[in-house]
Every structure is written in structure tokens, then in C-alpha cells.
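> Let's see this in three dimensions:
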Amino acid sequence: MAARRNSRLPLIWSAGALAAVLLVAGCTSGRSGGGGQAATPTSGAPAPAEQVQIRLVTTAKVPPGGLSAGRAARRAAPGLERFLDRYLDAAFVDAAGGEAGWDGLLGLFDAPVRAAARKQLDALSLGQAAPTVTAVRPGRATAKAVVLYSSKRPEAATVRVSFDGTADTAQGSGPVHLRSVLQLLATGDSWRIAAFDSRTGSSK
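Numbering: from 1, shown residues only. Prediction:
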């Protein structure tokens, strides 16, 4: 498989998303010794070979008087893991062949940034190469999340995602890579991508 162009995407915010993140961050500022955060690693049960299995480490920042940081991180981790699995499946595994289209992937983005995401599919997914790819075999998938809480509920999260896999084509096989920083907003029982800084191509 021919090497893919190294696409980069500047950080793009939906309207109001930055204010929401800053509001929650302000609730946690001034805490000493990092006492307002704790990390918890998660890893899902073994998944079928064709599906992504992401390993997520979650850190939570909480305001005074709310949940403990450790409990908050454990509470947020399963939903984040499901969301990131959906993203990587839609962007790579399900995109192979180009028949699924991009509605499933774009539906994970906040409405104000969907148009920008559509224009930058090469930096977020298989992009234009999807029709030539017969299958994507997921390899290493990891993420580190910092979740910002307001009272007892998550409000926003910053997630660094790293994905490596193998794409099969009629001409042969080759590596695919994704390196992204996603800014997420909580939507009750799930998340939406409100901003992103993403690239495919080089694994560095």
C-alpha cells in the first residue's frame, strides 16, 4: 500500500465549547499537590479481531466538595472507552471499502464542527483512501483522557488518541496511523467531539 500523505488539522472549536471547558477548568484551579485528579487504567474484554480494542487511561479533575478524583475517573472511563471505540471503528474498520459513507463518523462531532470535519476526513480517518481498502486490521490503540467535572457530572474531556493498524488493498498491505487530540463535550449518556487536532500518515 502506498504511503499516505501526512495530513495535519489545526485545532477547531465549535461555538461555546471553549467557554464550557474553561468554566469547568476554573472550578478546579488553585488545588494544591494535584489532589484534584487521579488516574485509572481500563481495558475492555477481548474483542473480535476486526474490531478496535482501545486501552484507555482516565484522569479526572473535580471541584471541591464533589466526587473524589478516583471515583470520578472510574465513572467516566467506560463511556469514554465506548465512544472512542465507536470513533475508531467508524473512521477505519467500518470505512474500508468506502460503502458505509461518513455519516456514522460525522455524527460523533458537535454540529458546528461537522462541516470542518467533513473537509478534513483525510486527517481524521481513511478518508479518500477508503474505497481502495478492502479491510483494516486494528493493532495498537491507546488513549489518555483528562475529564473535567462540574459537581457530580462530567462536562468536558481532553483525549489524546493513538491508533496503528494495517490496511489491506488489492495491491498489498500497509500501515495506517492516527494521532489525534480530541476535545469532547458531555451529552448526558455520551460525548461529542467539539474540537480536534488530528493527523494520519506518519506514526511519529
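
> for the chain, what helix or strand is lowest in average pLDDT?
None of the helices or strands of the chain scores lower by mean pLDDT, DSSP states H and E than helix 17-28, at a mean of 33.

> Flag the shaky bits of this structure, pLDDT-wise.
1-50, 202-204 (pLDDT under 70).

> how does it look with 50?
In the predicted model of the chain, residues 1-38, 40, 42-49 satisfy pLDDT under 50.

> for it, what spans make up the helices?
17-28, 69-88, 103-106, 114-119, 121-124 (DSSP state H).

> Strands along this protein, start to end?
Applying DSSP state E to the chain gives strands spanning 7-8, 12-13, 37-43, 55-61, 133-150, 153-169, 172-186, 191-200.

> ok, now which ones touch the most centrally placed residue in the chain?
For the chain, the residue nearest the mean C-alpha position is Leu84 (4.9 Å; C-alpha atoms, centre = their mean). Shown in contact with Leu84 (C-beta atoms under 8 Å, 6 or more residues apart in numbering): 54, 56, 143, 159, 161. In short, each C-beta sits where N, CA and C put it, glycine included.

> mind checking the end-to-end distance for stretch 85-105?
End-to-end span of stretch 85-105 (C-alpha to C-alpha, to the nearest Å): 11 Å.

> before we move on, back to that, mean neighbour count and distance to Leu126 for the strands of the chain - can I get that in a markdown table?
Shown next, in a markdown table, are the strands of the chain (neighbours: other C-beta atoms under 10 Å; distance: least, C-beta to C-beta, whole Å):
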| stretch | mean neighbour count | distance to Leu126 |
| --- | --- | --- |
| strand 7-8 | 16 | 11 |
| strand 12-13 | 18 | 20 |
| strand 37-43 | 16 | 25 |
| strand 55-61 | 22 | 22 |
| strand 133-150 | 20 | 6 |
| strand 153-169 | 19 | 7 |
| strand 172-186 | 20 | 7 |
| strand 191-200 | 23 | 8 |
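
> My guess is Val176 contacts Ala141. True?
No: taking C-beta atoms under 8 Å as the definition, Val176 is not a contact partner of Ala141, at 11.6 Å.
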